[in-house]
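Trainee: Sequence plus predicted model, see below.
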Amino acid sequence: MSSLAVPPIDRARRVTHRAVVEAEISNVTAELQKVLGQALVAMIVGKDVRTVARWTAANATKPSTRDNQRLRDTLQVQQLLLTADAPDVVRAWFMGMNPQLNELSPAEALADGRARDVMAAARAFVNAG
């Protein structure tokens, strides 16, 4: 039985996915805030900035399952975009209207629970160069 070679992009996606899944939520939140800022992260999860700040503290209360998933989905998208662009470009991409998302910003689409659509839009953006 022959084994198929895994393309490098698929390997990179799996490595990123695993890192995001295994990360402590405080680290997930901190990484998001480095690029997106506290206010944008708060908007994506529908919380105030103080709540997001508390999640960054390792011994703080944890986000709900829904918020945890949104944070991890957002980080996975952010990490993909950072492979192709600078943090300022990534932040602008999250805030700007996106034609693939019916002119919603990716942040708004994530807040609406449309992580798959946002990931598809991010892949299209990265692939367009």
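Mentor: Received the coordinates, thanks. In this text, all values refer to a predicted model and were calculated from it rather than measured experimentally.
Trainee: Could you list the low-confidence segments of this protein?
Mentor: Applying pLDDT under 70 to the chain flags the ranges 1-9, 58.
Trainee: all helices for the protein, in order.
Mentor: Assigned by DSSP state H, the chain shows helices spanning 8-22, 25-36, 38-45, 49-56, 65-82, 87-95, 106-111, 115-128.
Trainee: can the ones you listed go into a markdown table with extra columns for mean neighbour count?
Mentor: No exception for glycine: its C-beta is placed from N, CA and C like everyone else's. Shown next, in a markdown table, are those (neighbours: other C-beta atoms under 10 Å):
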| stretch | mean neighbour count |
| --- | --- |
| helix 8-22 | 12 |
| helix 25-36 | 19 |
| helix 38-45 | 21 |
| helix 49-56 | 18 |
| helix 65-82 | 19 |
| helix 87-95 | 17 |
| helix 106-111 | 22 |
| helix 115-128 | 16 |
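Trainee: So which residue is dead centre in the chain?
Mentor: Thr74 (1.9 Å; C-alpha atoms, centre = their mean).
Trainee: Span of stretch 28-44 from start to end?
Mentor: 14 Å (C-alpha to C-alpha, to the nearest Å).
Trainee: Repeat that for stretch 96-115.
Mentor: Start-to-end span of stretch 96-115 (C-alpha to C-alpha) is 16 Å.
Trainee: And Arg91, how far from Leu81?
Mentor: Distance of Arg91 to Leu81, given as C-beta to C-beta, to the nearest Å: 9 Å.
Trainee: correction: Val118
Mentor: Distance from Val118 to Leu81, by C-beta to C-beta: 10 Å.
Trainee: Then Arg18?
Mentor: When Arg18 is compared with Leu81 (using C-beta to C-beta), they lie 18 Å apart.
Trainee: and if you look at Ser26?
Mentor: Separation of Ser26 from Leu81 (C-beta to C-beta): 22 Å.
Trainee: Ok, Phe125 next?
Mentor: 7 Å.
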